[in-house]
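Visitor: next come a sequence and a model predicted from it.
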Amino acid sequence: MQDVHCQVLVIGGGAAAMRTAIAAHDAGATTLLVSKQTPGYSGNSVIARSGHSGPFGTPDLDDSPELFVADTLHAGSYVNHHPMVWALAAEACARIEELIAWGAPFLTRAGRIETQPSAGHQRPRGCYTVKNISTEVARPVRQQVDQRGIGMLDHIMLQELLVEDGRCYGAVGIHRRHGEPYIIYAGATILATGGGGEVYAQTTNVTGITGDGMAMALRAGVDLVDMEFVQYYPVVLRWPVTRLLASPTLFPLGARLYNARGERFMASLPQGTENVTRDIRSRAIFQEIVAGRGLHHDAVIMSLADIDEATFRRYAPDMAHIVDAQQLDYRTAQFLVRPEAHFFCGGVRTDAWGATALAGLYAVGEVAGGCHGANRLANNAFPECYVFGKRAGEHAAAAVTSHAASLPTTLTTRAYEHLRAFEQRAARANDAPDRYKAVRSALRQQMWDNVGIVRRTATLRTALDAIHVLADQAHACRGERPTTVVRCLELDNLVLIAEAITLAALTRQESRGTHYLEEIPEKDDTHWLCNLLIHQGSDSALQVRKAPVVTV
Ligand SMILES: Cc1cc2nc3c(=O)[nH]c(=O)nc-3n(C[C@H](O)[C@H](O)[C@H](O)COP(=O)(O)OP(=O)(O)OC[C@H]3O[C@@H](n4cnc5c(N)ncnc54)[C@H](O)[C@@H]3O)c2cc1C
């Protein structure tokens, strides 16, 4: 067993974790970065596109933090945490400039950073790297971590926070490969574990994004916020390749969507265009597919015929590469696209410094909720990681370096209780060694079918009942190998966040942003201009309650 001590523990290995660790280290704290995969080489941060939005403006068009705030609140249907949005708007440009100084190759034009348009942003704000792949940013950031000699442990899955006397003192977990238990004691602990896309059968997310941080926070008595707001990416390619996300820039430039009958179906919607925010475009595509007007039952056609070649090649270099490799003409190609679960707008409830209500615990990046409200604008996720990573890292470092909380004597006993619970999962499962796989896939299908893009109260209830049954089955899953134990622990987390999403969705009796309730398709500001908080009671049951939107 490994006992490790540090001042600031950062859990995760994506953009948010790395930026947080840099900030905590630079502010003078002994910092440890612990990830269940490899920092800088894992999480959605390395399979993403490279879009980072900032209100830089263009030579012809001014932009401002105020306009950025207005757009982000509008897209989020005004249930966003306002101070977070202001912080994002005020600091996004500085964080992007810092990435450039660290070596990230963002596109420039005439000596200034180039900004591209996307739906919902009143000004062009999307900054992209040359190849439009997120590793072009993740690598230089990882180099910054390495240059500072920040402590790092990889392949450790942390599963429980160490909480005693109303304070968080670190976390407990196991090594994914050889199963060795780890107790990590820390003055401040920062969750940067990403979202939970794996809870849906159809997702853009990389494997391993299982809502761990959200589940850990819930079990530690910390509230989650906005869990009903799951964003679906509208245009994930099904042909000529799968899984690639069509760039949000293509729609303001003239990309069009057609159903199997050749109808431009979004032209008949009130907005009359495809250039709308992701919630509206996802729903329109999904409804076309459900109505039987999709191709091969699961996609619609995206046409790029109206975009000139130079623009296509500059703004969609990844798609240009694919059409060239397959000798296609992008003007006549019928790109097949469909929506998939993409981003958690909700998550751990924090303030604008990433601090939670539990002393010593912070959350940053996709694991945290509030900034995006009911719907995230394109390219606002990465700036969120960098802006709040820096803020939380500095805040946590200041707290631990100015006042070191001494460890309660009962802490080790608490840590051992958690470790014993992990040990019980490490057992031969003669009857069904792969049961966890079956439970996981039943859960993911349930969420996709009944808690997806278009929701109904009756099917949400069906899902909640099914999730309760699946939760019992999940907790009974065992595995001999450490990798299977880790998958079982992840499954515990998945069922918990599935329940949180479904409960919140059942409670919110209106449609807002990404939460669309078929029988109440309108927004109801009189009753629902509020946040929903999820809390785990002492009997383990989840409770939901309304809270006023934080505006100052
Ligand atoms: C295909 C795709 C394209 C995208 N494109 C864009 C874009 O262009 N612009 C934009 O703004 N956003 C984009 N996003 C969203 C953005 O990528 C994510 O929101 C962002 O990367 C989240 O960063 P993160 O650091 O919070 O989490 P992640 O990058 O997901 O990292 C999570 C890390 O935590 C680790 N971890 C998880 N659980 C544990 C645990 N229990 N113990 C230890 N470690 C753990 C994981 O191993 C991983 O290293 C995209 C997302 C996807 C899926």
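Guide: Alright, I've got the coordinates.
Visitor: for the stretch 51-200 of the chain, which residues are neighbours of the ligand?
Guide: Along the stretch 51-200 of the chain, the residues adjacent to the ligand under the rule CB under 6 Å from any ligand atom are 51, 157-158, 192-194. Just so you know, the C-beta spots here come from the backbone N, C-alpha and C atoms, and that holds for glycine as well.
Visitor: export those to a markdown table and append columns for secondary structure.
Guide: Formatted as a markdown table, these follow (DSSP: H, G, I helix; E, B strand; the rest coil):
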| residue | secondary structure |
| --- | --- |
| Gly51 | coil |
| Met157 | strand |
| Leu158 | strand |
| Ala192 | coil |
| Thr193 | coil |
| Gly194 | coil |
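Visitor: of those residues, select the buried ones using a ChimeraX command.
Guide: ChimeraX command restricting these to the buried ones, with burial defined by 16 or more other CB atoms under 10 Å:
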select :51,157,158,192,193,194
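Visitor: can you redo the residues of the stretch 51-200 of the chain next to the ligand as CSV with distance to Thr356 and pLDDT?
Guide: As requested, these are arranged in CSV below (distance: CB to CB, whole Å; pLDDT from 0 to 100):
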residue, distance to Thr356, pLDDT
Gly51, 28, 96
Met157, 21, 98
Leu158, 16, 98
Ala192, 13, 98
Thr193, 13, 98
Gly194, 17, 98
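Visitor: okay, now the residue of the stretch 251-400 of the chain found nearest the ligand: neighbour count?
Guide: Across the stretch 251-400 of the chain, the shortest distance to the ligand (CB to the nearest ligand atom) belongs to Gly365, at 2.4 Å. The tally of other residues near Gly365 (other CB atoms under 10 Å) stands at 33.
Visitor: can you add distance to Ala15 and give the residues of the stretch 51-200 of the chain next to the ligand back as a markdown table?
Guide: Shown next, in a markdown table, are those (distance: CB to CB, whole Å):
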| residue | distance to Ala15 |
| --- | --- |
| Gly51 | 12 |
| Met157 | 20 |
| Leu158 | 18 |
| Ala192 | 8 |
| Thr193 | 12 |
| Gly194 | 9 |
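Visitor: what is the nearest of the residues of the stretch 51-200 of the chain next to the ligand to Gly294?
Guide: Gly51 (26.8 Å; CB to CB).
Visitor: wait, doesn't the closest one sit right on Pro383?
Guide: No. With contact defined as CB atoms under 8 Å, Gly51 does not reach Pro383; the gap is 9.6 Å.
Visitor: which residues of this structure lie near the ligand?
Guide: 11-17, 34-37, 42-45, 47-51, 157-158, 192-194, 204-205, 208-209, 212, 245, 343, 365-367, 379-382, 385.
Visitor: mind checking which of the residues you listed land in helices?
Guide: 15-17, 212, 381-382, 385 (DSSP state H).
Visitor: taking those together, which two end up most distant?
Guide: Pairwise over those, using CB to CB, the maximum falls at Asp212 and Phe382, 20.5 Å.
Visitor: continuing past whichever strand or helix holds Val400, what's the next helix or strand?
Guide: Element membership of Val400 [criterion: DSSP states H and E] is helix 381-402. Using DSSP H and E, the helix or strand that directly follows helix 381-402 along the chain is helix 411-425.
Visitor: pull the distance from that next one to the chain's centre.
Guide: Between the centre of helix 411-425 and the centre of its chain there are 29 Å (CA atoms, centre = their mean, to the nearest Å).
Visitor: identify each buried residue in it, please.
Guide: 411, 414-415, 418-419, 422, 425.
Visitor: okay, these in TSV with pLDDT next?
Guide: Below are these laid out as TSV (pLDDT from 0 to 100):
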residue	pLDDT
Leu411	94
Arg414	94
Ala415	96
His418	96
Leu419	95
Phe422	92
Arg425	91
